[in-house]
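Participant: show me how the following folds:
(one chain, ligands or ions: 1)
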Amino acid sequence: MTDRYAVIGHPVEHSRSPAIHAAFARQTGQDIEYLKLLAPLDGFVAAAEAFRTSGGRGMNVTLPFKEEAFAYAGGHSERARSAGAVNTLRFDGDRVFGDNTDGAGLVRDIRDNLGVPLRDKALLLLGAGGAARGAIRPLLDQGPASLTLANRRPERALALALHFDAGLAACGFAELAGRRFDIVINATAASLEGEAPALPAGIYAPAALAYDMMYAKAPTPFLAAALAQGARTADGLGMLLEQAAESFLLWRGVRPDTRPLLAALRASLA
Ligand code: NDP
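Facilitator: Predicted coordinates:
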């Protein structure tokens, strides 16, 4: 029987996950069906349970349900626990296992696809929401020289740094003036609003990488500003693909080869 999976969110119509997982399934010869599931804002658990009890094997979880999915899962991976959020659910009979593959997807994209090692680098992570929180442990696991958290509201970056208890520096954007970073990751929602975080000029070290978790056909305002300062730039399309591959691995025990799929995914952007 064909195993069923779904992406659950609100909204979910825009999701590229069904196309990505269909491509993974074709490539690896796995027999799966993958649907979009729109859950009411107050109906995540009921929708997830209905899918599970009807034979569903797993789900990807997107906005705004990642924290609810964490609470729903009975067991968690270490990376889901450190993120406090779940983007991947696996159903094993009555057991609901929660994982978070976003941070691993980010690291694989930067390190393997873009060929930029994170070890011994000065990293700057912008934002203090769910995406930033999920990225911290996987970034630290790469052994960077330093990881600085900066957020529009500095107190939220500070709270995040204290939560991780790993000696992370935290500040507002203005306090970055005079500092230099090798890799700057935008995990704010500014790009969604057509804005760039208000960063001081000169934060990019020579040959620095500016990475925006958001992806779009044209460079985001953050990436456009980084390009103007001579930084190398990349958006989060590769991260999207890599977090999906990590979910597929959790479900099917086989890792798809993402390289041949990135160009087609990029071409499909409106
Ligand atoms: P949240 O809503 O949880 O966090 C929003 C963050 O953005 C806060 O730190 C907020 O700062 C900051 N922010 C919002 N607007 C601005 C602005 N105009 N200038 C500066 N900072 C701003 O969002 P998420 O963490 O869930 O998502 C963040 C981004 O990551 C989104 O663009 C999302 O699309 C992307 N993402 C990409 C993934 C991928 O696979 N490529 C996966 C997951 C997320 P403050 O605290 O001061 O309000």
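Participant: measure Leu114 to the ligand for me?
Facilitator: 14 Å (C-beta to the nearest ligand atom, to the nearest Å). The way it works is simple: take the backbone N, C-alpha and C, and place the C-beta from them, glycine included.
Participant: ok, and the closest non-adjacent residue to that residue?
Facilitator: Ala234 (5.6 Å; C-beta to C-beta, 6 or more residues apart in numbering).
Participant: quick check: pLDDT value at the one you found.
Facilitator: We have a pLDDT of 98 for Ala234.
Participant: name the residues that touch the helix or strand containing it?
Facilitator: Ala234 is part of strand 232-235 when elements are defined by DSSP states H and E. Strand 232-235 has contacts (C-beta atoms under 8 Å, 6 or more residues apart in numbering) with 109-110, 114, 207-212, 214-216, 219-220, 223, 226-227.
Participant: just stretch 6-23 next, same as before
Facilitator: Everything outside stretch 6-23 that qualifies as a contact, by C-beta under 8 Å, 6+ apart, is 5, 32, 34-41, 44, 47-48, 51, 56, 59-65, 240-241, 244, 248, 256, 261, 264-265, 268.
Participant: how about 6 Å then?
Facilitator: 34-39, 41, 51, 59-63, 244, 261 (C-beta atoms under 6 Å, 6 or more residues apart in numbering).
Participant: same check on stretch 39-54?
Facilitator: Contacts of stretch 39-54 (C-beta under 6 Å, 6+ apart): 6, 8, 10, 65, 68, 72, 91.
Participant: 8 Å - rerun?
Facilitator: 4, 6, 8-10, 37, 59, 64-65, 68-69, 72, 89, 91, 96.
Participant: for PyMOL, write a command that selects the buried ones of those.
Facilitator: Buried residues within the contacts of stretch 39-54, by 16 or more other C-beta atoms under 10 Å, are selected in PyMOL with:
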select buried, resi 4+6+8+9+10+37+59+65+68+69+72+89+91+96
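Participant: which single one of the contacts of stretch 39-54 is nearest to Arg152?
Facilitator: Proximity of those to Arg152 (C-beta to C-beta) peaks at Pro64, which lies at 19.7 Å.
Participant: from the ligand, how far off is that closest one?
Facilitator: In this view, Pro64 and the ligand are 8 Å apart by C-beta to the nearest ligand atom.
Participant: now Ala234
Facilitator: In terms of C-beta to the nearest ligand atom, Ala234 sits 11 Å off from the ligand.
Participant: same question, Arg232
Facilitator: 18 Å.
Participant: equivalent analysis for Ser268, please.
Facilitator: For Ser268, the distance to the ligand equals 15 Å [C-beta to the nearest ligand atom].
Participant: what number of residues lie near that residue?
Facilitator: Neighbour count for Ser268, taken as other C-beta atoms under 10 Å: 11.
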